[in-house]
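Student: please find the sequence and the predicted model below.
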Amino acid sequence: MTTDSIEAPAADRRPRAAERRTRPPVRRRLSLRPGAGRQHHAGPLAYALLAVATLASLFPLYWTLVAASSDNTRVSQTPPPFLPGPHLFENLGKAWQDAALGKAMTNSLIVAGVIALSTVLFATLAGFAFAKLRFRGRNVLLMLVIGTMMVPPQLGVVPLFMMMSELGWGQRLPSVIFPTLVSAVGVFFMRQYLAEALPDELVEAGRVDGAHSLRIFWSIVLPVARPAMAVLFMITFVHAWNDFFWPFIALDMTNPTVPVALTQLSAGYVRDQSLIMAGALLGTLPLLAMFLVFGRQIVGGIMQGAVKG
Amino acid sequence: MALQTYRRRTFWHRLDVRGAPYAFVAPFFVVFAAFSFYPLLYTAWISLHRVELSSMDLMEWVGLDNYTALWGDDRFWNALANTFTLGVLSTVPQLLMALGLAHLLHYRLRGSAFFRVAALTPYATSVGAAALVFTMLFERDFGMINWLLGLVGMDPVNWENDKWAAQLAVSSIVIWRWTGYNALLYLAAMQAVPDERYEAAALDGASRWQQFRMVTIPGIRSTIVFTIVLSTIGATQLFGEPLIFGQGPNGITGGADNQYQTLGLLLYEEGWKNYQMGRAATIAWAMFLLLILVFVVQRVVKRLASRAAGPRHVLSRSSQ
């Protein structure tokens, strides 16, 4: 049977089981530290497979760099080039101009920044109320929040488009900012975090001191919530930066966000493959930089949201 | 005097304690109602009208005409079929690979943080950039995929024009972007499975594969359901990947022969290329009904499956 062939020899397994039993129990749910676990050590095969997976994850990005630093003839060679060429900055400059990426970058920074800030603020407020305040209809409202995750916002684009032109926001940034000012996932994420991280006694103590709810939120909840807020900010920023369907409909090429501007690169205005790749690279760089610095925190945030979600 | 200030304080205090929670959760519900729920309902209303993009305030009542037209429209059935096949092609391998990757990441690893961040990197790449890169990798004449196929002696594939090849290529973009993300969700769930269950299974002599099947999979079932729901919703909305893969003129139509046009693309084509907002709203509402149908079917299948599995489960217990 195939199942037996995967089974490790019994002698190999026993010490590990013993080792597992002696390790002290860890409250893993609260830990953002990767690798906290009682798992088996990885063998060479596991490392080999992980190396393949990592290669598959990173190669398209690496190849973007290769193509973006080559000229068109080098990109179309057979076999394709595997090392970066000498034209990187020249191509980045050209792509910057051809796809109006400067404007797009500024727009994306504004859009993603505002959306991330407001999502974090409103999610923390609502998360605090759901986690620590008692009020009628709390559970029903929380179920409603979770239920809204099942409604894809894309389905409302037709009336949304009509609404925005009526409001005078057609082709302008508010039309892509306002619909995404809040997120159900964010509310749920903050609720789960605060339910565990914020002791009831702290809130009670604030009440006894005569602080009103907003004051409690400001002086007691915010300091406790800060790590989760930072993670939620980054995850929301990534989503807002990459959001495509609605911005593509709501904005035009004179005032695009980065993903919208990138479609122009493929739409025949620029037929130069290396320039297209240079544009793709530019549009991804800000997020890659964020991942380079805060990758572990983002990973931790996604995983923490998942266990509880 | 003192009593009065006390009274006033308790009044404000009680108002604060009673009202503040509602004020805190209100922003979420207000924004959701205004920009998600209301548009969704209004979509249904628009779908009963003839509305053109150039004159959006003129709505002419046409009843169910848009729906009957859609029912008789081959492009709709084609887009529906494509959305379904693209959904299966992108979701099933994605979640299976994510499960495998999560299992690997669950080992005690050197450099586990690196492997996790690397797995998540595609998630940081926007649809636009990812689709542009994959379009180049799948290029017919000098693309890397065809070059690799050539190395193992296969003929070059026309990834853009051949229907199934194109759908595979578009699916691969989705798979690339989301496998790592789902793997991290599974990994987090795996770490929350109590040690005792593994120990009990090990004591019963279960092999690692049996432990994976009997302990890990049931232990993370709710996360698996969660990811299936999320990626199903994502699959019904597929838009950016096929649009950009089609490179401009062929993007919106999903290839020269609509071979990978999804419902999302058809919605856009009807509304913003043919200026028929009413018909676009009809497609949106059809997508919503489709989503509901999928979940009802899934529910029913699950219930039937568990009813069928129930007695067998008891039997296998008693026979042990």
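Tutor: Okay, I see it.

Student: how about the helices in the stretch 51-200 of chain A?
Tutor: Secondary structure of the stretch 51-200 of chain A (DSSP state H, counting those that start in this stretch): helices at A:72-75, A:88-98, A:101-132, A:138-148, A:157-166, A:174-177, A:184-197, A:200-208.

Student: identify the residue of the stretch 51-200 of chain A closest to chain B, quick one.
Tutor: A:Gly156 (2.8 Å; CB to the nearest CB). To be clear about C-beta, it is placed using only N, CA and C from the backbone, and glycine gets the same treatment.

Student: surely that residue touches B:Thr43?
Tutor: Yes - assessed by CB atoms under 8 Å, A:Gly156 is found in contact with B:Thr43 at 5.8 Å.

Student: now for the two: what residues contact both?
Tutor: B:Ala284 (CB atoms under 8 Å, 6 or more residues apart in numbering or on different chains).

Student: just for the chain, where's the confidence low?
Tutor: Because you didn't say which chain, this covers chain A. For chain A, the stretches flagged by pLDDT under 70 are A:1-39, A:267-271, A:306-309.

Student: hmm, I had chain B in mind actually
Tutor: B:1-9, B:248-250, B:309-320.

Student: which helix runs longest in it?
Tutor: helix B:277-319 (DSSP state H).

Student: ok, and the closest non-adjacent residue to the residue of the stretch 51-200 of chain A closest to chain B?
Tutor: Nearest residue to A:Gly156 in three dimensions, chain neighbours excluded: B:Pro39, at 2.8 Å (CB to CB, 6 or more residues apart in numbering or on different chains).

Student: now for the one you found, how many residues are close by?
Tutor: 24 (other CB atoms under 10 Å in any protein chain shown).

Student: for the strand or helix carrying B:Trp147, which positions count as buried?
Tutor: Element membership for B:Trp147 (DSSP states H and E) is helix B:144-151. Of the residues in helix B:144-151, B:Met144, B:Ile145, B:Asn146, B:Trp147 count as buried by neighbour count, 16 or more other CB atoms under 10 Å in any protein chain shown.

Student: what of stretch B:108-119?
Tutor: Under 16+ other CB under 10 Å, the buried positions of stretch B:108-119 are B:Leu109, B:Ser112, B:Phe115, B:Arg116, B:Val117, B:Ala118, B:Ala119.

Student: which among those are in contact with chain A?
Tutor: Restricting the buried residues of stretch B:108-119 to those near chain A by CB under 8 Å from any CB of the partner chain leaves B:Leu109, B:Ser112, B:Phe115, B:Arg116, B:Val117, B:Ala118, B:Ala119.

Student: between the residues you listed, which is closest to chain A?
Tutor: Minimum distance to chain A across these is 3.6 Å, recorded for B:Val117 (CB to the nearest CB).

Student: how would you label that closest one: helix, strand or coil?
Tutor: Classification of B:Val117 by DSSP: H, G, I helix; E, B strand; the rest coil places it in helix.

Student: so what's it up against?
Tutor: Contacts of B:Val117 (CB under 8 Å, 6+ apart): A:Phe291, A:Gly295, A:Arg296, A:Ile298, A:Val299.

Student: could you rerun that using 6 Å?
Tutor: By CB atoms under 6 Å, 6 or more residues apart in numbering or on different chains, the residues touching B:Val117 are A:Gly295, A:Val299.

Student: look up how far B:Ser47 lies from it.
Tutor: Distance of B:Val117 to B:Ser47, computed by CB to CB, to the nearest Å: 44 Å.

Student: got it, and A:Met162?
Tutor: 13 Å.

Student: got it, and B:Pro218?
Tutor: 43 Å.

Student: ok so, going back, between A:Met162 and B:Ser47, which has more neighbouring residues?
Tutor: Shown here are A:Met162 and B:Ser47; by other CB under 10 Å, B:Ser47 has more neighbours (24 against 21).

Student: my read is that the more buried one contacts B:Trp285, right?
Tutor: Yes - judged on CB atoms under 6 Å, B:Ser47 makes contact with B:Trp285 at a distance of 4.9 Å.

Student: hmm, back to that, out of the buried residues of helix B:144-151, the closest to A:Thr254 would be?
Tutor: B:Met144 (34.8 Å; CB to CB).

Student: show me the contacts for the closest one.
Tutor: A:Pro80, B:Leu137.

Student: make it 8 Å
Tutor: A:Trp63, A:Pro80, B:Met136, B:Leu137.
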